[in-house]
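Chemist: mind looking at a prediction? Sequence and model below.
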Amino acid sequence: MSEFEPRIVAFLCHWCTYTGADLAGTTRQQYPPNIRIIHLMCSGAVDTIYVLKALIDGADGVLIGGCHPGDCHYQTGNYKARRRVAILKNILSQLGYDPERIWLRWISASEGKLFADTVTQMVEELKQKGPNPIKKMWAL
Amino acid sequence: MKAAILSVENGDPLAALRGFLRRLLETRMVGMILVPKALPSGAGFVQTLIRDPAMLDDVHPVAPTMPVQSARILSGLTVGDPGERIGAVLKPCELRAAVELTKFLQVKLDHLVTIGVDCPGTYEVEDYARVAGEKGAGDSLWEGMVRGVKTGRLDGQEEEGIALRLACRICENPVPVNADITFGFFGHDPSREIEVIVGERVVGEFEERGIIGLSSEESSERGQVISQLKEERIRKRDEVFGRFRQQTTDLQALMSTFSTCVRCHNCMVACPICYCKECVFRTPTFEHQSNQFVRWADRKGGIQMPTDTLIFHLTRLAHMATSCIGCGLCDSACPSGLPVMTLFRTVAQGVQSLFDYLPGRDPEETPPVATFREDELQVETGAKD
Ligand code: SF4
Ligand code: SF4
Ligand code: SF4
(Lines give C-alpha, C1' and ligand atoms only; values in the text may rest on other atoms or scores of the structure.)
(Ligands and ions follow the chains in the order given, each with its own letter.)
Protein backbone atom coordinates (compact mmCIF):
# COMPACT_ATOMS: atom_id res chain seq x y z
CA MET A 1 0.00 0.00 0.00
CA SER A 2 1.34 3.42 -0.87
CA GLU A 3 2.15 5.81 1.91
CA PHE A 4 -0.59 8.20 3.06
CA GLU A 5 -0.11 11.56 1.33
CA PRO A 6 -1.77 14.33 3.32
CA ARG A 7 -3.54 17.12 1.48
CA ILE A 8 -3.05 20.64 2.73
CA VAL A 9 -5.14 23.66 1.83
CA ALA A 10 -3.16 26.87 2.33
CA PHE A 11 -4.63 30.35 2.66
CA LEU A 12 -1.78 32.75 1.94
CA CYS A 13 -1.78 36.50 2.12
CA HIS A 14 -0.85 38.41 -1.00
CA TRP A 15 1.82 40.68 0.45
CA CYS A 16 3.94 38.20 2.38
CA THR A 17 3.44 34.47 2.39
CA TYR A 18 2.05 34.14 -1.15
CA THR A 19 5.05 36.04 -2.46
CA GLY A 20 7.27 33.93 -0.21
CA ALA A 21 5.77 30.78 -1.75
CA ASP A 22 6.40 32.22 -5.19
CA LEU A 23 10.01 32.90 -4.26
CA ALA A 24 10.36 29.32 -3.03
CA GLY A 25 9.29 28.27 -6.54
CA THR A 26 11.52 30.62 -8.51
CA THR A 27 14.56 29.81 -6.35
CA ARG A 28 13.89 26.10 -6.75
CA GLN A 29 13.44 25.32 -3.07
CA GLN A 30 12.25 21.73 -2.78
CA TYR A 31 8.96 21.16 -0.98
CA PRO A 32 6.37 18.39 -1.22
CA PRO A 33 3.51 18.82 -3.73
CA ASN A 34 0.79 18.13 -1.12
CA ILE A 35 -0.36 21.71 -0.91
CA ARG A 36 -3.16 23.60 -2.69
CA ILE A 37 -2.75 27.34 -2.38
CA ILE A 38 -5.60 29.83 -2.10
CA HIS A 39 -4.49 33.40 -2.64
CA LEU A 40 -6.07 36.04 -0.38
CA MET A 41 -5.26 39.69 0.12
CA CYS A 42 -4.70 39.33 3.87
CA SER A 43 -4.58 36.61 6.52
CA GLY A 44 -7.15 38.77 8.32
CA ALA A 45 -9.60 37.87 5.55
CA VAL A 46 -9.58 34.20 6.55
CA ASP A 47 -12.89 33.52 8.23
CA THR A 48 -13.09 30.37 10.32
CA ILE A 49 -15.70 29.06 7.92
CA TYR A 50 -13.08 28.70 5.15
CA VAL A 51 -10.86 26.67 7.43
CA LEU A 52 -13.73 24.47 8.57
CA LYS A 53 -14.95 24.00 5.05
CA ALA A 54 -11.53 22.88 3.87
CA LEU A 55 -11.29 20.37 6.72
CA ILE A 56 -14.83 19.09 6.30
CA ASP A 57 -14.34 18.78 2.55
CA GLY A 58 -11.46 16.43 3.26
CA ALA A 59 -8.23 18.39 3.61
CA ASP A 60 -5.91 16.79 6.16
CA GLY A 61 -4.52 20.10 7.27
CA VAL A 62 -4.93 23.84 6.76
CA LEU A 63 -2.06 26.30 6.61
CA ILE A 64 -2.68 30.00 7.04
CA GLY A 65 0.22 32.24 6.11
CA GLY A 66 0.49 35.91 6.98
CA CYS A 67 3.01 38.72 7.42
CA HIS A 68 5.18 38.94 10.52
CA PRO A 69 3.81 41.09 13.37
CA GLY A 70 4.21 44.75 12.48
CA ASP A 71 4.46 44.02 8.74
CA CYS A 72 0.78 43.53 7.86
CA HIS A 73 -0.06 45.60 4.79
CA TYR A 74 -3.40 46.38 6.44
CA GLN A 75 -1.78 47.08 9.84
CA THR A 76 -3.53 44.50 12.01
CA GLY A 77 -5.07 41.76 9.83
CA ASN A 78 -2.53 39.18 10.98
CA TYR A 79 -3.23 39.82 14.68
CA LYS A 80 -6.95 39.36 14.03
CA ALA A 81 -6.24 36.15 12.15
CA ARG A 82 -4.24 34.91 15.13
CA ARG A 83 -7.20 35.45 17.49
CA ARG A 84 -9.61 33.77 15.12
CA VAL A 85 -7.33 30.78 14.69
CA ALA A 86 -6.81 30.55 18.46
CA ILE A 87 -10.57 30.59 19.04
CA LEU A 88 -11.22 27.97 16.38
CA LYS A 89 -8.46 25.68 17.65
CA ASN A 90 -9.70 26.04 21.21
CA ILE A 91 -13.23 25.06 20.13
CA LEU A 92 -12.08 22.10 18.07
CA SER A 93 -9.86 20.76 20.79
CA GLN A 94 -12.72 21.00 23.29
CA LEU A 95 -14.79 18.91 20.88
CA GLY A 96 -12.12 16.24 20.61
CA TYR A 97 -10.69 17.25 17.24
CA ASP A 98 -6.92 17.61 16.89
CA PRO A 99 -6.30 21.39 16.59
CA GLU A 100 -2.78 20.81 15.28
CA ARG A 101 -4.16 20.13 11.84
CA ILE A 102 -4.43 23.90 11.60
CA TRP A 103 -1.21 25.90 11.30
CA LEU A 104 -0.81 29.64 11.32
CA ARG A 105 2.66 30.86 10.32
CA TRP A 106 4.27 34.21 9.69
CA ILE A 107 6.31 33.98 6.49
CA SER A 108 7.54 37.09 4.71
CA ALA A 109 7.97 37.72 0.98
CA SER A 110 11.71 37.07 1.27
CA GLU A 111 11.43 33.83 3.24
CA GLY A 112 11.11 31.31 0.41
CA LYS A 113 13.16 28.80 2.33
CA LEU A 114 11.05 29.16 5.46
CA PHE A 115 7.95 28.53 3.34
CA ALA A 116 9.43 25.37 1.87
CA ASP A 117 10.59 24.15 5.27
CA THR A 118 7.20 24.85 6.82
CA VAL A 119 5.37 22.83 4.18
CA THR A 120 7.87 19.99 4.49
CA GLN A 121 7.49 19.91 8.24
CA MET A 122 3.70 20.12 8.10
CA VAL A 123 3.49 17.23 5.65
CA GLU A 124 5.73 15.18 7.94
CA GLU A 125 3.58 15.86 10.99
CA LEU A 126 0.33 15.18 9.15
CA LYS A 127 1.72 11.87 7.97
CA GLN A 128 2.25 10.97 11.63
CA LYS A 129 -1.32 11.98 12.45
CA GLY A 130 -2.85 10.04 9.57
CA PRO A 131 -5.91 11.02 7.54
CA ASN A 132 -8.36 13.63 8.81
CA PRO A 133 -11.05 11.67 10.69
CA ILE A 134 -13.82 13.85 9.21
CA LYS A 135 -13.12 12.11 5.90
CA LYS A 136 -14.81 9.00 7.23
CA MET A 137 -17.93 10.81 8.41
CA TRP A 138 -20.93 10.61 6.10
CA ALA A 139 -22.64 13.35 8.09
CA LEU A 140 -20.89 16.58 7.20
CA MET B 1 -24.69 53.19 43.90
CA LYS B 2 -27.46 53.82 46.38
CA ALA B 3 -30.30 51.67 47.61
CA ALA B 4 -33.75 51.94 49.12
CA ILE B 5 -36.41 49.59 50.42
CA LEU B 6 -39.67 49.73 48.54
CA SER B 7 -42.39 48.63 50.90
CA VAL B 8 -45.08 46.31 49.57
CA GLU B 9 -48.68 46.69 50.58
CA ASN B 10 -51.34 43.99 50.85
CA GLY B 11 -48.73 41.34 50.13
CA ASP B 12 -48.77 42.31 46.44
CA PRO B 13 -45.26 42.89 45.06
CA LEU B 14 -46.53 43.35 41.52
CA ALA B 15 -48.65 46.34 42.58
CA ALA B 16 -45.59 47.92 44.20
CA LEU B 17 -43.46 47.37 41.10
CA ARG B 18 -46.17 48.76 38.83
CA GLY B 19 -46.46 51.79 41.07
CA PHE B 20 -42.71 52.32 40.84
CA LEU B 21 -42.71 52.05 37.05
CA ARG B 22 -45.61 54.52 36.96
CA ARG B 23 -43.46 57.01 38.91
CA LEU B 24 -40.74 56.66 36.29
CA LEU B 25 -43.20 57.63 33.57
CA GLU B 26 -44.91 60.38 35.56
CA THR B 27 -41.66 62.08 36.57
CA ARG B 28 -40.45 61.84 32.94
CA MET B 29 -37.46 59.85 34.08
CA VAL B 30 -38.28 57.79 30.99
CA GLY B 31 -40.67 58.47 28.13
CA MET B 32 -41.76 54.86 27.77
CA ILE B 33 -41.20 51.50 29.34
CA LEU B 34 -40.46 48.13 27.77
CA VAL B 35 -41.79 45.48 30.12
CA PRO B 36 -43.43 42.03 29.94
CA LYS B 37 -47.21 42.18 30.15
CA ALA B 38 -49.66 39.33 30.73
CA LEU B 39 -51.41 38.10 27.59
CA PRO B 40 -55.19 38.49 27.79
CA SER B 41 -55.47 34.70 27.44
CA GLY B 42 -53.43 34.22 30.62
CA ALA B 43 -51.22 31.77 28.71
CA GLY B 44 -48.05 33.83 29.05
CA PHE B 45 -46.36 37.19 28.72
CA VAL B 46 -45.11 39.43 25.98
CA GLN B 47 -42.72 42.36 26.00
CA THR B 48 -44.71 45.55 25.56
CA LEU B 49 -43.62 49.13 24.91
CA ILE B 50 -45.79 51.32 27.11
CA ARG B 51 -46.30 55.09 27.03
CA ASP B 52 -49.65 55.41 28.78
CA PRO B 53 -49.31 54.73 32.53
CA ALA B 54 -52.79 53.18 32.48
CA MET B 55 -51.37 50.36 30.36
CA LEU B 56 -49.10 49.34 33.23
CA ASP B 57 -51.98 47.56 34.94
CA ASP B 58 -51.09 43.98 34.19
CA VAL B 59 -47.41 44.26 33.48
CA HIS B 60 -45.23 41.62 35.09
CA PRO B 61 -41.63 42.81 35.53
CA VAL B 62 -40.51 39.35 36.68
CA ALA B 63 -42.49 37.36 34.12
CA PRO B 64 -41.73 33.64 34.48
CA THR B 65 -41.30 33.13 30.73
CA MET B 66 -39.01 34.71 28.16
CA PRO B 67 -40.57 34.23 24.71
CA VAL B 68 -37.98 36.44 23.01
CA GLN B 69 -34.76 37.98 24.21
CA SER B 70 -35.38 41.67 24.89
CA ALA B 71 -31.85 42.49 23.70
CA ARG B 72 -33.15 41.69 20.21
CA ILE B 73 -36.04 44.09 20.71
CA LEU B 74 -33.75 46.81 22.04
CA SER B 75 -31.62 46.53 18.96
CA GLY B 76 -34.54 47.60 16.78
CA LEU B 77 -35.68 50.22 19.30
CA THR B 78 -32.42 52.02 19.98
CA VAL B 79 -30.28 51.89 16.87
CA GLY B 80 -32.19 54.86 15.54
CA ASP B 81 -33.12 57.63 17.95
CA PRO B 82 -36.39 56.78 19.71
CA GLY B 83 -36.72 60.46 20.68
CA GLU B 84 -37.14 59.76 24.37
CA ARG B 85 -35.39 57.52 26.84
CA ILE B 86 -36.78 54.02 27.23
CA GLY B 87 -36.89 52.28 30.58
CA ALA B 88 -36.22 48.63 29.73
CA VAL B 89 -37.13 45.98 32.28
CA LEU B 90 -34.66 43.18 31.69
CA LYS B 91 -33.73 39.82 33.10
CA PRO B 92 -30.03 39.54 33.91
CA CYS B 93 -29.28 37.54 30.76
CA GLU B 94 -31.20 40.05 28.66
CA LEU B 95 -29.20 42.89 30.14
CA ARG B 96 -25.92 41.10 29.48
CA ALA B 97 -27.00 40.39 25.90
CA ALA B 98 -27.92 44.06 25.45
CA VAL B 99 -24.50 45.11 26.76
CA GLU B 100 -22.84 42.71 24.30
CA LEU B 101 -24.88 44.13 21.44
CA THR B 102 -23.77 47.67 22.30
CA LYS B 103 -20.24 46.48 21.53
CA PHE B 104 -21.37 45.45 18.06
CA LEU B 105 -23.12 48.84 17.70
CA GLN B 106 -26.56 47.24 17.64
CA VAL B 107 -27.94 48.61 20.92
CA LYS B 108 -27.38 52.15 22.19
CA LEU B 109 -27.34 52.46 25.97
CA ASP B 110 -27.69 56.26 25.72
CA HIS B 111 -31.31 55.78 24.81
CA LEU B 112 -31.97 53.48 27.72
CA VAL B 113 -32.47 53.35 31.42
CA THR B 114 -31.86 49.70 32.17
CA ILE B 115 -34.03 48.20 34.89
CA GLY B 116 -32.67 44.79 35.86
CA VAL B 117 -34.55 42.28 37.97
CA ASP B 118 -33.18 39.59 40.27
CA CYS B 119 -34.27 36.54 38.31
CA PRO B 120 -36.03 33.56 39.88
CA GLY B 121 -35.78 31.80 36.48
CA THR B 122 -38.13 31.10 33.61
CA TYR B 123 -40.23 28.22 32.28
CA GLU B 124 -40.53 27.08 28.71
CA VAL B 125 -43.30 29.11 27.08
CA GLU B 126 -45.33 25.99 26.22
CA ASP B 127 -44.90 24.48 29.72
CA TYR B 128 -46.15 27.65 31.33
CA ALA B 129 -49.08 27.93 28.92
CA ARG B 130 -50.08 24.33 29.64
CA VAL B 131 -49.90 24.65 33.42
CA ALA B 132 -51.49 28.09 33.48
CA GLY B 133 -54.21 27.03 31.03
CA GLU B 134 -55.10 23.54 32.24
CA LYS B 135 -54.78 24.05 35.92
CA GLY B 136 -55.13 27.79 36.20
CA ALA B 137 -51.91 27.45 38.16
CA GLY B 138 -50.05 30.51 36.86
CA ASP B 139 -50.62 32.40 40.08
CA SER B 140 -49.44 29.58 42.29
CA LEU B 141 -46.24 29.27 40.24
CA TRP B 142 -45.63 32.95 40.81
CA GLU B 143 -46.36 32.62 44.51
CA GLY B 144 -43.87 29.76 44.70
CA MET B 145 -41.26 31.97 43.10
CA VAL B 146 -42.02 34.83 45.47
CA ARG B 147 -41.51 32.48 48.42
CA GLY B 148 -38.33 31.06 46.90
CA VAL B 149 -36.41 34.30 46.46
CA LYS B 150 -36.14 34.95 50.19
CA THR B 151 -33.91 31.92 50.69
CA GLY B 152 -32.78 31.38 47.10
CA ARG B 153 -34.52 27.97 46.89
CA LEU B 154 -36.07 28.31 43.47
CA ASP B 155 -36.20 24.95 41.85
CA GLY B 156 -38.74 23.14 43.99
CA GLN B 157 -41.79 23.74 41.81
CA GLU B 158 -42.06 20.22 40.44
CA GLU B 159 -45.33 19.68 42.29
CA GLU B 160 -46.99 21.64 39.50
CA GLY B 161 -45.46 19.27 36.95
CA ILE B 162 -43.17 21.94 35.56
CA ALA B 163 -39.48 22.70 35.94
CA LEU B 164 -37.44 25.80 35.23
CA ARG B 165 -35.61 25.74 31.92
CA LEU B 166 -32.25 23.98 32.11
CA ALA B 167 -30.48 27.25 31.24
CA CYS B 168 -32.04 28.82 34.34
CA ARG B 169 -31.30 25.85 36.58
CA ILE B 170 -27.61 26.26 35.79
CA CYS B 171 -27.60 30.08 35.55
CA GLU B 172 -24.83 31.39 37.79
CA ASN B 173 -25.64 35.00 36.91
CA PRO B 174 -29.24 35.45 38.06
CA VAL B 175 -28.50 39.00 39.20
CA PRO B 176 -28.29 42.10 36.97
CA VAL B 177 -24.77 43.42 36.35
CA ASN B 178 -24.47 47.22 36.36
CA ALA B 179 -28.13 47.96 35.71
CA ASP B 180 -29.21 51.59 36.14
CA ILE B 181 -31.98 50.39 38.43
CA THR B 182 -32.17 46.94 40.02
CA PHE B 183 -35.21 45.31 41.58
CA GLY B 184 -33.62 43.18 44.29
CA PHE B 185 -35.73 40.26 45.49
CA PHE B 186 -33.12 37.84 46.75
CA GLY B 187 -32.90 37.74 50.52
CA HIS B 188 -36.13 39.69 50.89
CA ASP B 189 -39.71 38.64 51.40
CA PRO B 190 -41.30 40.32 48.39
CA SER B 191 -44.75 40.13 49.90
CA ARG B 192 -43.39 42.76 52.30
CA GLU B 193 -40.50 44.57 50.67
CA ILE B 194 -38.34 44.89 47.58
CA GLU B 195 -34.88 46.39 47.44
CA VAL B 196 -34.30 49.03 44.78
CA ILE B 197 -30.69 49.73 43.87
CA VAL B 198 -29.81 52.73 41.73
CA GLY B 199 -26.55 52.89 39.79
CA GLU B 200 -24.14 55.82 39.33
CA ARG B 201 -25.33 56.78 35.88
CA VAL B 202 -28.81 57.84 37.02
CA VAL B 203 -28.56 58.31 40.77
CA GLY B 204 -28.38 62.14 40.58
CA GLU B 205 -31.38 62.42 38.31
CA PHE B 206 -33.22 59.93 40.44
CA GLU B 207 -32.83 62.06 43.52
CA GLU B 208 -33.66 65.30 41.68
CA ARG B 209 -36.93 63.85 40.52
CA GLY B 210 -37.65 62.49 44.00
CA ILE B 211 -38.66 59.09 42.74
CA ILE B 212 -37.82 57.31 45.95
CA GLY B 213 -35.73 58.31 48.97
CA LEU B 214 -32.33 56.66 48.62
CA SER B 215 -30.86 56.18 52.03
CA SER B 216 -29.60 52.71 52.63
CA GLU B 217 -26.56 50.73 51.55
CA GLU B 218 -27.12 47.49 49.67
CA SER B 219 -28.49 44.91 52.09
CA SER B 220 -26.27 42.12 53.27
CA GLU B 221 -29.07 39.51 53.29
CA ARG B 222 -29.39 39.86 49.55
CA GLY B 223 -25.67 39.44 49.08
CA GLN B 224 -25.64 36.26 51.15
CA VAL B 225 -28.51 34.62 49.33
CA ILE B 226 -26.94 35.54 45.99
CA SER B 227 -23.60 34.00 46.80
CA GLN B 228 -25.25 30.78 48.04
CA LEU B 229 -27.38 30.60 44.94
CA LYS B 230 -24.39 31.22 42.68
CA GLU B 231 -22.42 28.49 44.38
CA GLU B 232 -25.21 25.98 43.97
CA ARG B 233 -25.77 26.97 40.34
CA ILE B 234 -22.08 26.69 39.52
CA ARG B 235 -22.08 23.19 40.96
CA LYS B 236 -25.05 22.19 38.78
CA ARG B 237 -23.57 23.93 35.76
CA ASP B 238 -20.30 22.08 36.09
CA GLU B 239 -22.17 18.77 36.35
CA VAL B 240 -23.98 19.51 33.10
CA PHE B 241 -20.78 20.66 31.38
CA GLY B 242 -18.89 17.66 32.72
CA ARG B 243 -21.47 15.18 31.40
CA PHE B 244 -21.44 16.89 28.01
CA ARG B 245 -17.65 16.81 27.80
CA GLN B 246 -17.58 13.15 28.74
CA GLN B 247 -20.09 12.35 26.05
CA THR B 248 -18.45 14.52 23.37
CA THR B 249 -15.20 12.70 22.85
CA ASP B 250 -14.89 13.63 19.18
CA LEU B 251 -16.77 15.26 16.31
CA GLN B 252 -18.42 11.94 15.50
CA ALA B 253 -19.91 11.89 18.99
CA LEU B 254 -21.04 15.50 18.62
CA MET B 255 -22.76 14.58 15.38
CA SER B 256 -24.46 11.63 17.03
CA THR B 257 -25.85 13.94 19.69
CA PHE B 258 -26.99 16.36 17.00
CA SER B 259 -28.14 13.68 14.58
CA THR B 260 -31.76 14.82 14.84
CA CYS B 261 -30.92 18.43 14.00
CA VAL B 262 -33.31 19.42 11.20
CA ARG B 263 -31.25 22.48 10.11
CA CYS B 264 -34.11 24.86 10.76
CA HIS B 265 -31.62 27.43 12.14
CA ASN B 266 -34.11 28.38 14.87
CA CYS B 267 -31.31 28.31 17.44
CA MET B 268 -29.56 31.04 15.49
CA VAL B 269 -32.66 33.17 14.99
CA ALA B 270 -33.51 33.04 18.70
CA CYS B 271 -29.95 33.82 19.83
CA PRO B 272 -29.58 37.43 20.92
CA ILE B 273 -25.85 37.35 20.32
CA CYS B 274 -25.72 36.20 16.69
CA TYR B 275 -24.90 39.69 15.56
CA CYS B 276 -24.14 39.48 11.84
CA LYS B 277 -26.51 41.55 9.76
CA GLU B 278 -25.90 39.25 6.84
CA CYS B 279 -25.42 35.75 8.15
CA VAL B 280 -23.17 33.57 6.02
CA PHE B 281 -25.80 30.82 6.24
CA ARG B 282 -28.23 33.07 4.41
CA THR B 283 -25.80 33.71 1.55
CA PRO B 284 -25.11 31.46 -1.44
CA THR B 285 -21.97 30.09 0.26
CA PHE B 286 -23.67 26.71 0.64
CA GLU B 287 -25.25 26.58 -2.79
CA HIS B 288 -22.79 24.17 -4.32
CA GLN B 289 -22.59 23.02 -7.91
CA SER B 290 -24.38 19.71 -8.47
CA ASN B 291 -21.16 17.95 -9.33
CA GLN B 292 -19.59 19.09 -6.04
CA PHE B 293 -22.14 17.00 -4.12
CA VAL B 294 -21.46 14.10 -6.42
CA ARG B 295 -17.71 14.39 -5.85
CA TRP B 296 -18.22 14.29 -2.08
CA ALA B 297 -20.53 11.31 -2.34
CA ASP B 298 -17.95 9.64 -4.55
CA ARG B 299 -15.15 10.24 -2.13
CA LYS B 300 -17.02 9.12 0.98
CA GLY B 301 -19.33 6.55 -0.56
CA GLY B 302 -22.30 8.68 0.51
CA ILE B 303 -23.07 11.91 2.34
CA GLN B 304 -25.86 13.08 4.55
CA MET B 305 -27.89 15.82 2.91
CA PRO B 306 -28.02 18.72 3.44
CA THR B 307 -24.32 18.89 4.10
CA ASP B 308 -24.02 21.82 6.45
CA THR B 309 -24.97 20.51 9.92
CA LEU B 310 -21.50 20.30 11.39
CA ILE B 311 -20.22 23.44 9.74
CA PHE B 312 -23.31 25.34 10.86
CA HIS B 313 -22.80 24.62 14.55
CA LEU B 314 -19.01 24.97 14.44
CA THR B 315 -19.11 28.26 12.55
CA ARG B 316 -21.69 29.71 14.87
CA LEU B 317 -19.55 28.65 17.83
CA ALA B 318 -16.46 30.25 16.31
CA HIS B 319 -18.31 33.48 15.57
CA MET B 320 -20.19 34.06 18.81
CA ALA B 321 -19.30 31.66 21.63
CA THR B 322 -16.96 34.33 23.06
CA SER B 323 -20.08 36.45 23.68
CA CYS B 324 -22.62 33.71 24.63
CA ILE B 325 -24.45 34.87 27.75
CA GLY B 326 -26.15 31.57 28.41
CA CYS B 327 -29.80 32.57 28.12
CA GLY B 328 -30.73 29.19 26.66
CA LEU B 329 -33.16 30.58 24.10
CA CYS B 330 -31.42 28.34 21.56
CA ASP B 331 -32.63 25.33 23.58
CA SER B 332 -36.10 26.78 23.82
CA ALA B 333 -36.25 27.35 20.06
CA CYS B 334 -35.02 23.90 19.02
CA PRO B 335 -37.86 21.71 17.69
CA SER B 336 -35.71 18.61 18.19
CA GLY B 337 -34.99 19.27 21.85
CA LEU B 338 -31.23 19.27 21.23
CA PRO B 339 -28.77 20.44 23.90
CA VAL B 340 -27.75 23.56 21.97
CA MET B 341 -27.28 25.72 25.06
CA THR B 342 -25.19 23.01 26.70
CA LEU B 343 -22.92 22.81 23.63
CA PHE B 344 -22.58 26.57 23.39
CA ARG B 345 -22.12 27.25 27.08
CA THR B 346 -19.62 24.44 27.54
CA VAL B 347 -17.50 25.58 24.62
CA ALA B 348 -18.00 29.23 25.57
CA GLN B 349 -16.49 28.56 28.97
CA GLY B 350 -13.28 27.47 27.26
CA VAL B 351 -12.99 30.34 24.78
CA GLN B 352 -14.10 33.01 27.22
CA SER B 353 -11.49 31.95 29.75
CA LEU B 354 -8.85 32.09 27.01
CA PHE B 355 -9.36 35.86 27.03
CA ASP B 356 -10.54 36.22 30.63
CA TYR B 357 -13.73 37.62 29.18
CA LEU B 358 -17.17 37.67 30.76
CA PRO B 359 -19.71 38.84 28.19
CA GLY B 360 -22.06 41.56 29.36
CA ARG B 361 -19.90 42.56 32.32
CA ASP B 362 -18.87 45.98 31.10
CA PRO B 363 -19.90 47.95 28.00
CA GLU B 364 -16.39 49.44 27.83
CA GLU B 365 -14.77 46.06 27.16
CA THR B 366 -14.13 45.00 23.57
CA PRO B 367 -15.27 41.52 22.58
CA PRO B 368 -12.39 39.11 21.90
CA VAL B 369 -13.30 38.72 18.23
CA ALA B 370 -12.98 42.46 17.64
CA THR B 371 -9.61 43.14 19.19
CA PHE B 372 -6.16 41.64 19.86
CA ARG B 373 -2.98 42.19 21.82
CA GLU B 374 0.34 42.34 20.09
CA ASP B 375 2.12 40.16 22.62
CA GLU B 376 -0.37 37.30 22.98
CA LEU B 377 -0.85 33.78 21.60
CA GLN B 378 2.72 33.51 20.28
CA VAL B 379 2.54 29.75 20.44
CA GLU B 380 -0.25 29.76 17.83
CA THR B 381 2.28 30.75 15.19
CA GLY B 382 4.74 27.99 15.90
CA ALA B 383 6.86 29.87 18.43
CA LYS B 384 8.23 27.58 21.08
CA ASP B 385 7.32 29.02 24.44
S1 SF4 C 1 -30.82 32.33 32.12
FE2 SF4 C 1 -30.57 33.29 34.18
S3 SF4 C 1 -31.08 35.42 33.91
FE4 SF4 C 1 -31.83 34.34 32.08
S5 SF4 C 1 -33.98 33.87 32.52
FE6 SF4 C 1 -32.78 32.11 33.21
S7 SF4 C 1 -32.28 32.50 35.37
FE8 SF4 C 1 -32.99 34.41 34.48
S1 SF4 D 1 -25.97 30.49 22.08
FE2 SF4 D 1 -27.87 30.03 23.18
S3 SF4 D 1 -27.38 30.40 25.33
FE4 SF4 D 1 -25.77 31.44 24.13
S5 SF4 D 1 -26.51 33.53 23.88
FE6 SF4 D 1 -27.20 32.37 22.07
S7 SF4 D 1 -29.29 31.67 22.58
FE8 SF4 D 1 -28.29 32.33 24.52
S1 SF4 E 1 -32.83 24.72 16.38
FE2 SF4 E 1 -32.23 22.60 16.74
S3 SF4 E 1 -32.87 21.49 14.88
FE4 SF4 E 1 -32.89 23.71 14.37
S5 SF4 E 1 -30.83 24.07 13.52
FE6 SF4 E 1 -30.69 24.54 15.71
S7 SF4 E 1 -29.98 22.60 16.64
FE8 SF4 E 1 -30.73 22.10 14.58
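Modeler: Cool, got the structure. Given the structure is predicted, the values throughout are model-derived calculations rather than measurements. Ligands and ions are numbered 1, 2, ... in the order given.

Chemist: which parts of chain A are strands?
Modeler: A:8-13, A:35-40, A:61-66, A:102-106 (DSSP state E).

Chemist: distance to B:C334, mean neighbour count and mean pLDDT added to these, as TSV?
Modeler: All C-beta spots, glycine's among them, are computed from the backbone N, C-alpha and C. Formatted as TSV, the strands of chain A follow (distance: least, C-beta to C-beta, whole Å; neighbours: other C-beta atoms under 10 Å in any protein chain shown; pLDDT from 0 to 100):
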stretch	distance to B:C334	mean neighbour count	mean pLDDT
strand A:8-13	32	25	86
strand A:35-40	35	16	85
strand A:61-66	30	27	89
strand A:102-106	29	24	88
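
Chemist: let's have these in CSV, adding distance to B:G42.
Modeler: Output for those, formatted as CSV (distance: least, C-beta to C-beta, whole Å):
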stretch, distance to B:G42
strand A:8-13, 56
strand A:35-40, 57
strand A:61-66, 55
strand A:102-106, 53
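
Chemist: give me phi/psi at the residue lying farthest from the centre of chain B?
Modeler: Using C-alpha atoms, centre = their mean, the residue of chain B lying farthest from its centre is B:D298. It sits 44.6 Å away. Dihedral pair for B:D298: phi -60, psi -50, per degrees, to the nearest 10.

Chemist: what about the chain, any weak spots by pLDDT?
Modeler: I'll assume chain A. Within chain A, the stretches with pLDDT under 70 are A:1-2, A:18, A:20-21, A:23-24, A:72-74, A:139-140.

Chemist: should've been chain B
Modeler: B:135-138, B:155-160, B:374-375, B:378-379, B:383-385.

Chemist: what segments of the chain are helices?
Modeler: In the absence of a named chain, chain A is used. Along chain A, the stretches classed as helices by DSSP state H are A:17-26, A:48-56, A:77-94, A:112-129.

Chemist: chain B was what I was after
Modeler: Along chain B, counting by DSSP H, helices occupy B:13-26, B:70-78, B:92-103, B:125-135, B:138-151, B:166-169, B:200-208, B:220-247, B:251-257, B:266-270, B:290-300, B:309-320, B:329-333, B:340-354.

Chemist: separation between the residue lying closest to B:H265 once chain neighbours are set aside and B:G83?
Modeler: Nearest in space to B:H265, with sequence neighbours left out and distances taken as C-beta to C-beta, 6 or more residues apart in numbering or on different chains, is B:F281 at 6.4 Å. Taking C-beta to C-beta, to the nearest Å as the measure, B:F281 and B:G83 are separated by 35 Å.

Chemist: what of B:K103?
Modeler: Counting by C-beta to C-beta - B:K103 and B:G83 are separated by 24 Å.

Chemist: more neighbours, these two?
Modeler: Set B:K103 next to B:G83 and count neighbours by other C-beta atoms under 10 Å in any protein chain shown: B:K103 wins out with 21 against 9.

Chemist: in contact with that one, which residues?
Modeler: Counting by C-beta atoms under 8 Å, 6 or more residues apart in numbering or on different chains, B:K103 touches B:S323, B:P363, B:E365, B:T366, B:P367, B:A370.

Chemist: repeat that for 10 Å
Modeler: Residues near B:K103 by C-beta atoms under 10 Å, 6 or more residues apart in numbering or on different chains: B:275, B:323, B:359-360, B:362-367, B:369-371.

Chemist: B:I181 now?
Modeler: B:20-21, B:24, B:29-30, B:87, B:89, B:113-117, B:196-199, B:201-203, B:206, B:211-212.

Chemist: related to what we said a few turns ago, return the most buried member of the helices of chain B.
Modeler: For those, the largest average neighbour count (mean count of other C-beta atoms under 10 Å in any protein chain shown) is found in helix B:92-103, namely a mean of 26.

Chemist: please work out the angle formed by the directions of it and helix B:70-78.
Modeler: Helix B:92-103 and helix B:70-78 are oriented at 40 degrees to each other (axes from the mean of the first three to the mean of the last three C-alpha atoms, to 10 degrees).

Chemist: wait, does helix B:92-103 make contact with ligand 1?
Modeler: Yes: using C-beta under 6 Å from any ligand atom, helix B:92-103 comes into contact with ligand 1 via B:P92, B:C93.

Chemist: gap between stretch B:94-109 and the chain center?
Modeler: Relative to its chain's centre, stretch B:94-109 lies at 12 Å (C-alpha atoms, centre = their mean, to the nearest Å).

Chemist: equivalent analysis for stretch B:299-315, please.
Modeler: 30 Å.

Chemist: wait, does that stretch contact chain A?
Modeler: Yes: Stretch B:299-315 lies within reach of chain A by C-beta under 10 Å from any C-beta of the partner chain, at B:299-315.
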